[in-house]
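Colleague: please work out how this folds:
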Amino acid sequence: MNTRMNEAPETVRLIGGEMLLWSDMSNVGGITDWRWAALELISRMVPVSGRVLLVGPHPQVVVDEVVARAPAAAVLLRSYPDACALGERHPGLAVFCGRLEVFAADEPYDLVLALDGLLRTHSAEAPAAAWIESLDALAALVAPGGRLVLGVRNDLGVDRFIEARTADREGADDQWAPHGFDPSYPSGPGVLDAGLESVGLTVQRCYAAYPGRQSPRALLAREALAFDLPDALTFPLSALDGDRMLVTDPLRLTRLVFRHRLGEELAPLWLTVASRRPAGAPAVVAPPDCEAEAAWPDGGPCEVAWPEGGPCEAGEPAPVPDGEVAEPRRVREELPLGLIEEGSVVYELTRAGLKQLPDGTVRPIPTGRVVEEILVEACAREDVKTVRELLADLATWLEAGGDVTAATDSLVYDGERFAATNPAPPPSTAPEPRVVLCRILWRFAVRLLAAGHHHPWPWPLEADQLTLTLCGMADRPCDAGDLDLARKLDAELGQDAEPAEQAPTYRDLLGARDRLADQLTAALARISRLETKLSYRERELVRAKAKLRRTQRKATAYRRTLGYRLSRRLARPRRVARKVIRMLSG
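Modeller: Model prediction:
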């Protein structure tokens, strides 16, 4: 043990409660894999001149970003091997190893990041502190005027309802004290806000992370979730990644969450930004939302100017309580309404639409319903007329110069025109509209059959056959050659190799089991009919054999009669005479 400590970098300091043989980073499946959306949010809050502290394990990209931007950074970990590895990777980084409750900082920090929450700040060497006690210890590290960014997993998140495995026992060794037994753990965003206020912090923004707690791709503020978000925005955030066993289709369940405006209450993860009021400063309150709101994305909460408040966008002065000042405009502009990542590209959600960062233009979010949802619902109702009309309109739109990179899950239709939610660069050579339509319908057919949705065509129909059927319904007949060109176009556009390569849900497995049970019942019925027919044929064969034996017995009895023997003897001289004549005449 002493040898291991002697090998540790000089920047690693043991503070008590360290776990010498434990590594949190080895269990990468349990740590939230924050990516580009979180990095964009952190980059906006890193102080130009100040101290930054990371509490708990974080993805390596997050640590590298903070170390590169912050003038002075430190890390607090409970795992000694992780602390040594981090100290070797960043020699100038101050690394503290031990429990959060015993950490005494020389000076508070201007920015404290705990994106993984507080569950991995305890040590197995001592009883785990309650969540509110850990939050109090964490808040004590925030300097006056500083900020805390805290991640909190939701026990009633939408991802909890779709997983078949037990939530508190995911197979990780660090689950020795499930946090579900802690009564102080936040049960909702309101309780989370109250807990932060009880330790002297003021909530500036509370983000809901989607689509899952393992790898969030979007951060949506509660001000944005209070409105009816467009389908073009919520549909991509409703599909989970990974190969975990699910109990139901995450797409449909999460779509219902957004549709009923429960996005914040049922978010898989909350990421809240709170600040500590500077010493001697009056209370800072967020400006109230303006009641003169319009349909999203044009409506939204109003902003007031620093520091007296001022007229909101509807022309009404924003009321501010006596002795308090409104939150500065620069603070609210610094914290976006939402951040959404698509691959390595990050978009900022504004009231005017989506803005590609860092300096892209704002494009409005198209209205209408996602084409795939319209087709799936029509197939479920066996509404062939709606399918035919929609596909014909889609073919006409493509022939008029529509987006050749679109798909049914990235197109919205408002009843009159189509719009792509995320236009991509077109291929080098413009393909024929017929091939583009064939590619779109092929991807839809594969997804439809893979998800096990009902449709008006026979179940044994393959994806290729269903694609040709859909092309015929659009009055644009295609053949196998067009289907091969469609697959080549899909590969050229850099899409997934196979749309059907996704983890089946538990409900899908039940549906497949039911279909197999139906097929087995039909096969058993056919076997029963064949056995009945075989039994009948066997009885017929037995009767035929009995008839043959009776005929053979009659023939044998006939050959034993006197007449048959005399006729055989009288016929023999004639045969001999014919043979002699043939020999003489030969």
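
Colleague: which stretches of the chain have low pLDDT?
Modeller: 1-8, 27-30, 163-180, 239-251, 279-333, 459-460, 495-508, 510-511, 586 (pLDDT under 70).

Colleague: longest helix of it?
Modeller: helix 506-559 (DSSP state H).

Colleague: for that helix, packing partners?
Modeller: Packing partners of helix 506-559 (3 or more C-beta pairs under 8 Å, 6 or more residues apart in numbering; DSSP states H and E): none among the helices and strands. C-beta: built from backbone N, CA, C; applies to glycine.

Colleague: with just CA atoms, put the helix or strand following that helix into PDB.
Modeller: Downstream of helix 506-559, the first helix or strand assigned by DSSP states H and E is helix 562-585. C-alpha atoms of helix 562-585 as PDB (Å, rounded to 0.1, in the frame of the first residue of the first chain):
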ATOM      1  CA  LEU A 562     -59.400 -78.400 -64.100                       C
ATOM      2  CA  GLY A 563     -60.400 -76.100 -66.900                       C
ATOM      3  CA  TYR A 564     -57.400 -73.800 -66.300                       C
ATOM      4  CA  ARG A 565     -55.000 -76.800 -66.300                       C
ATOM      5  CA  LEU A 566     -56.500 -78.400 -69.500                       C
ATOM      6  CA  SER A 567     -56.300 -75.100 -71.300                       C
ATOM      7  CA  ARG A 568     -52.700 -74.700 -70.400                       C
ATOM      8  CA  ARG A 569     -51.900 -78.200 -71.700                       C
ATOM      9  CA  LEU A 570     -53.800 -77.800 -74.900                       C
ATOM     10  CA  ALA A 571     -52.100 -74.500 -75.600                       C
ATOM     11  CA  ARG A 572     -48.500 -76.000 -75.200                       C
ATOM     12  CA  PRO A 573     -48.400 -78.000 -78.600                       C
ATOM     13  CA  ARG A 574     -49.400 -74.900 -80.500                       C
ATOM     14  CA  ARG A 575     -46.600 -72.900 -79.000                       C
ATOM     15  CA  VAL A 576     -44.100 -75.700 -79.900                       C
ATOM     16  CA  ALA A 577     -45.400 -75.800 -83.500                       C
ATOM     17  CA  ARG A 578     -45.000 -72.000 -83.900                       C
ATOM     18  CA  LYS A 579     -41.400 -72.200 -82.700                       C
ATOM     19  CA  VAL A 580     -40.600 -75.000 -85.200                       C
ATOM     20  CA  ILE A 581     -42.100 -73.000 -88.100                       C
ATOM     21  CA  ARG A 582     -40.100 -69.900 -87.200                       C
ATOM     22  CA  MET A 583     -36.900 -72.000 -87.100                       C
ATOM     23  CA  LEU A 584     -37.600 -73.600 -90.500                       C
ATOM     24  CA  SER A 585     -38.600 -70.300 -92.100                       C
END
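
Colleague: and the angle for helix 562-585 with helix 506-559?
Modeller: Orientation of helix 562-585 against helix 506-559 (axes from the mean of the first three to the mean of the last three C-alpha atoms, to 10 degrees) gives an angle of 90 degrees.

Colleague: strands paired with the top strand by length along the chain, and their directions?
Modeller: Longest strand of the chain, by residue count under DSSP state E: strand 142-153. Strand 142-153 has its sheet partners listed here by DSSP bridges as strand 109-114 (parallel), strand 269-275 (antiparallel).

Colleague: any buried residues in that strand, and which?
Modeller: Residues of strand 142-153 classed as buried by neighbour count (16 or more other C-beta atoms under 10 Å): Val142, Ala143, Gly146, Arg147, Leu148, Val149, Leu150, Gly151, Val152, Arg153.

Colleague: cool, stretch 66-77 as well?
Modeller: Buried residues in stretch 66-77, defined by neighbour count with 16+ other C-beta under 10 Å: Val66, Val67, Arg69, Ala70, Ala72, Ala73, Ala74, Val75, Leu76, Leu77.

Colleague: how about stretch 479-489?
Modeller: Along stretch 479-489, these residues count as buried under the neighbour rule (16+ other C-beta under 10 Å): Asp482, Leu483, Leu485, Ala486, Arg487, Leu489.

Colleague: next step: those restricted to strands.
Modeller: Going by DSSP E, the strands hold none of those.

Colleague: can you lay out those as TSV showing distance to Leu54?
Modeller: Formatted as TSV, these follow (distance: C-beta to C-beta, whole Å):
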residue	distance to Leu54
Asp482	54
Leu483	52
Leu485	51
Ala486	48
Arg487	46
Leu489	45
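
Colleague: which one of the residues you listed is nearest Asp182?
Modeller: Relative to Asp182, the closest of the buried residues of stretch 479-489 is Arg487; by C-beta to C-beta it sits at 52.1 Å.

Colleague: wait, what's in contact with that closest one?
Modeller: Arg487 makes contacts with Arg439, Trp442, as judged by C-beta atoms under 8 Å, 6 or more residues apart in numbering.

Colleague: mind checking how far it is from Arg434?
Modeller: According to C-beta to C-beta, to the nearest Å, Arg487 and Arg434 sit 14 Å apart.

Colleague: same thing with Ile374?
Modeller: Ile374 is 22 Å from Arg434, where distance means C-beta to C-beta.

Colleague: just Gly151 next, same as before
Modeller: For Gly151, the distance to Arg434 - C-beta to C-beta - is 49 Å.

Colleague: and if you look at Asp359?
Modeller: Distance, Asp359 to Arg434, by C-beta to C-beta: 39 Å.

Colleague: ok, the two, which is more surrounded?
Modeller: Between Asp359 and Arg434, Arg434 has the larger neighbour count (other C-beta atoms under 10 Å), namely 19 against 6.

Colleague: isn't the more buried one up against Asp479?
Modeller: No. Using C-beta atoms under 8 Å, Arg434 is not in contact with Asp479; the gap is 10.0 Å.

Colleague: end-to-end on stretch 65-85?
Modeller: Across stretch 65-85, the terminal residues are separated by 17 Å (C-alpha to C-alpha, to the nearest Å).

Colleague: before we move on, the earlier item: now the strands paired with strand 142-153 in TSV, with mean neighbour count and distance to Ala571?
Modeller: TSV is the format used below for the strands paired with strand 142-153 (neighbours: other C-beta atoms under 10 Å; distance: least, C-beta to C-beta, whole Å):
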stretch	mean neighbour count	distance to Ala571
strand 109-114	25	117
strand 269-275	23	107
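
Colleague: using a markdown table, lay out those together with distance to Arg539.
Modeller: Compiled in a markdown table, the strands paired with strand 142-153 are given as follows (distance: least, C-beta to C-beta, whole Å):
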| stretch | distance to Arg539 |
| --- | --- |
| strand 109-114 | 82 |
| strand 269-275 | 71 |
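
Colleague: among the ones you listed, which comes closest to Ser187?
Modeller: Closest among these, using C-beta to C-beta: strand 269-275, at 11.5 Å.

Colleague: in stretch 91-105, what's buried?
Modeller: Leu93, Ala94, Val95, Phe96, Cys97, Gly98, Arg99, Leu100, Glu101, Phe103.

Colleague: isn't the fourth one right up against Ala73?
Modeller: No. Between Phe96 and Ala73 there is no contact under C-beta under 8 Å: 11.8 Å.

Colleague: and Ala546, how many neighbours does it have?
Modeller: Ala546 has 10 nearby residues by other C-beta under 10 Å.

Colleague: counting neighbours, what do you get for Trp34?
Modeller: By the measure other C-beta under 10 Å, the count of residues near Trp34 is 25.

Colleague: equivalent analysis for the one 3 residues further on, please.
Modeller: Residue neighbour count, defined by other C-beta under 10 Å, stands at 24 for Ala37.

Colleague: what residues does the closest residue in space to Val376 that isn't next to it in sequence make contact with?
Modeller: Excluding its sequence neighbours, the residue lying closest to Val376 (C-beta to C-beta, 6 or more residues apart in numbering) is His453, at 5.4 Å. The contact partners of His453, by C-beta under 8 Å, 6+ apart, come to Val376, Cys379, Ala380.
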